[in-house]
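*Asks:* Pasting the sequence and the predicted coordinates here, then a few questions.
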Amino acid sequence: MDIGRNDLELASARQIEALLMKFEIPHEWRLYSGAHTEAYWSAHVEEYIRWYAEQWSGQ
């Protein structure tokens with residue numbers, strides 16, 4: 001999961017991350033600068049594609 005520090009959904013994302021931690025569910029959490037905007041997603045799209053590609057290549 002990743003989210004921007006100025007994202008309107010930050011509180012909800014933090015709640016989800018806290019539950020994942022509480023129940024020891026493996027996950028990745030990234031908090032970046034920015035908000036839920038096209039500029040944010042554009043800045044991170046390569047990272048998303050690489051993450052998905054790693055999952056596919058491991059099968």
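*Replies:* Good, I have the coordinates.
*Asks:* Just the buried positions in the helix or strand bottoming out on mean pLDDT in the chain, please.
*Replies:* Ranked by mean pLDDT, DSSP states H and E, the helix or strand of the chain with the weakest confidence is helix 38-57, at a mean of 89. Within helix 38-57, the residues that qualify as buried are 40, 44, counting by 16 or more other Cβ atoms under 10 Å. From N, CA and C alone the C-beta is placed, and that goes for glycine too.
*Asks:* three-state assignment of residue 31?
*Replies:* strand (DSSP: H, G, I helix; E, B strand; the rest coil).
*Asks:* what about it, distance to residue 56?
*Replies:* According to Cβ to Cβ, to the nearest Å, residue 31 stands 26 Å off from residue 56.
*Asks:* Run through the residues that contact residue 50.
*Replies:* Listed by Cβ atoms under 8 Å, 6 or more residues apart in numbering, residue 50 has no contact partners.
*Asks:* ignore the last one, residue 40
*Replies:* 4, 7, 32, 34.
*Asks:* how deep is the third one tucked in, by neighbour count?
*Replies:* If you count neighbours by other Cβ atoms under 10 Å, residue 32 ends up with 14.
*Asks:* If we ignore the residues flanking it in sequence, what's nearest it?
*Replies:* If you skip the residues right next to it in sequence, residue 32 has residue 4 as its closest partner in space, 5.5 Å away by Cβ to Cβ, 6 or more residues apart in numbering.
*Asks:* What score does the one you found have for pLDDT?
*Replies:* As summarised for this prediction, residue 4 has a pLDDT of 96.
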